[in-house]
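S.K.: build me a structure from this.
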Amino acid sequence: MHTETEAYNSDVTIIGAGPVGLTIANIIGATGLKVILLDQLDKLIDYPRGVGLDDEALRVFQAIGLADDVAKHITPYHWVRIYNAKRKLITTVEPRHMPFGWSKRNAFHQPLADKALYDGLARFPNVRVLFGHNVEHIQDDDQSVTIQGQTSAGESFNLVSRYLVGSDGGRSITRKHIGASFEGTTKPEPFLVIDLANDPIGRPNLEFVCDSKLPYVSIALPHGVRRFEFGVPKDQVLDDFDVSDEFVARNLNRIKPGISTKNIIRRRVYYHSARLASKFRSGRVILAGDAARLMPVWQGQGYNSGIRDAMNVAWKLVFVLKGISKDALIDSYHAERWQNSKDMIAVSVLMGKIFNPGPKLLCLLRDWAFGVLKFFPKARQYVTTMSWKPIPKFSKGVIVEAPDERTDNPIGQLFIQPSVSDADGQKHRLDDLVGMNFSVISWGYNPDDYIDSAANKVLEKLSATRIVVLPQCQAEPDKTRAGTFNVIYDDGALKDWFDLRRGSVVVLRPDKVVAAICEASNISETIHRLADRLSLA
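M.R.: Below you'll find the predicted structure:
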């Protein structure tokens, strides 16, 4: 365990009080470790930026106890409608299954969602948020990181931390400090985002209108906000961030005559970037969120990828700072998050090309391709259920490889989250019983007899939760071992999951990624191999 000394102002300093920094601070703050969160602005950003929240991000917010607060500002089951130039519906994306316990597509109001994350930090007296702090210099060595800069009042500050996480955006000083290149492209074609209050359209969901003359996106957001996004000729851009009032009014009225510009909350010109840092870590300095990657907005995955970063790096930092694991554990962060980031950027770029492929002939080919999907049910289902979204699957990192590599191998992927009942018959989402711990979940029986003393010590060091899953008909409260085992009675989802995989015991990480799966007779060997992957101290 780390003993706090006067040598450190914090265990972790985070630069950037956006959603990624706020999430990391909530995860680490809950453990009692000292956290300082810096931001150069004087307050949280109060205008919309991201508009799409996925089920993986909501699951993270559930883990930190803030999902219900964030959910007040989302519209679940937010479908995508894609229209051609004649406003004919050519395809939809509407995934109705919820393997992770939440709707897969959700519109959200980012300022209020971020505020819920910020308000959640009030639970932790060990977390300090310092607005108006601009970082100018970073120095790290084998023991600590020194962060220097100036406040908005012109005062110098000097902080010393055991680790530093830079979630400080696309122009990250943290990325520059670690010498990471920012590989990729920024498209020269500008786009204009306009957010309006008192939604003048009123229809739910998200609409892509694939018109080569005026391609635009119309998005219904919570609390009566409507977003429009459309291309802008370069000669109409006044500066890096704006266009003329006349241009705005003219194009809004091309979308819908009579739209008032008086209700505009925000308008901004931006350029689609697809960039990925060459490395996510150097020494005691780590990148997360937009500091690590930038992606086009077409799939709304910039925000969500950042939240995945936050969960992945935060639990590993906790393990190292608490003395459970050695520093080498943090190396797995880059190994696990870099490839998924690359894959998600590729999908976002592809979606942009589908939305606006350019020449009219390509637009016609796109419309034709979507039209023939109805003759191929499996292909249509692939599109409509969002099966093309790259779900993180780690091939290296904190996982124990399976003896075979079948397509249904779940190792390195998120575990499902069905609704289950405890021994008293109370309904829960599975993660709420597991907590932010490692866990051992077995189907139908207790594998204790196969866990040797050394493996038990590993599980104790990990504070692992142990759960036995039984069908409803076998619900017997006296099988619950208080303090050791939670026995939950499943309605079939977990039974089906285990039925299709080779293994009846699964080990989950704190981020609910499957670290290992095995038969009961192999559980001790599996736990020992996992201990090596965790670089246990």
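S.K.: excluding its backbone neighbours, what's nearest residue 265?
M.R.: residue 195 (4.3 Å; C-beta to C-beta, 6 or more residues apart in numbering). Glycine gets a C-beta too; all of them are placed from N, C-alpha and C.
S.K.: neighbouring contacts of the one helix or strand that neighbour maps to?
M.R.: Following DSSP states H and E, one finds residue 195 within strand 182-196. Strand 182-196 has contacts (C-beta atoms under 8 Å, 6 or more residues apart in numbering) with 47-48, 175, 221, 225-232, 234, 237, 243, 248, 251-252, 259, 263-278, 294, 296, 345.
S.K.: at 7 Å instead, please
M.R.: 47-48, 175, 225-232, 234, 237, 243, 248, 263-278 (C-beta atoms under 7 Å, 6 or more residues apart in numbering).
S.K.: can you give me the helices for the stretch 101-250 of the chain?
M.R.: Taking DSSP state H, counting those that start in this stretch as the test, the helices found in the stretch 101-250 of the chain are 110-120, 173-178, 245-255.
S.K.: out of those helices, which gets the lowest mean score?
M.R.: Least confident of the helices of the stretch 101-250 of the chain, judged by mean pLDDT, is helix 245-255 with a mean of 89.
S.K.: next secondary structure after that one?
M.R.: Downstream of helix 245-255, the first helix or strand assigned by DSSP H and E is strand 264-277.
S.K.: what lines up beside that following strand in the sheet?
M.R.: Strand 264-277 pairs in its sheet with strand 182-196 (antiparallel), strand 293-294 (antiparallel), by DSSP bridges.
S.K.: where among the ones you listed is average confidence lowest?
M.R.: Going by mean pLDDT, the lowest-scoring of the strands paired with strand 264-277 is strand 182-196, which has a mean of 86.
S.K.: what separates that one from the chain centre, distance-wise?
M.R.: Its chain's C-alpha centre and that of strand 182-196 lie 21 Å apart, by C-alpha atoms, centre = their mean, to the nearest Å.
S.K.: that one versus helix 245-255: what angle between them?
M.R.: Strand 182-196 runs at 80 degrees relative to helix 245-255, counting by axes from the mean of the first three to the mean of the last three C-alpha atoms, to 10 degrees.
S.K.: now strand 182-196: buried residues?
M.R.: By neighbour count with 16 or more other C-beta atoms under 10 Å, strand 182-196 contains the buried residues 182, 184, 190-196.
S.K.: nearest to residue 72, of those?
M.R.: residue 195 (19.1 Å; C-beta to C-beta).
S.K.: quickly list what that closest one is bridged to.
M.R.: Following DSSP bridges, residue 195 is listed with bridge partners residue 227, residue 266.
S.K.: distance of it relative to residue 51?
M.R.: 9 Å (C-beta to C-beta, to the nearest Å).
S.K.: what's the overlap in contacts for these two?
M.R.: The overlap between the contact sets of residue 195 and residue 51 (C-beta under 7 Å, 6+ apart) consists of residue 227.
S.K.: returning to that earlier point: closest to residue 215 among the buried residues of strand 182-196?
M.R.: Closest approach to residue 215 among those (C-beta to C-beta): residue 191, at 9.6 Å.
S.K.: which residue, other than its chain neighbours, is closest to residue 39?
M.R.: Using C-beta to C-beta, 6+ apart, the nearest residue to residue 39 is residue 17, at 3.7 Å.
S.K.: cheers, nothing more for now.
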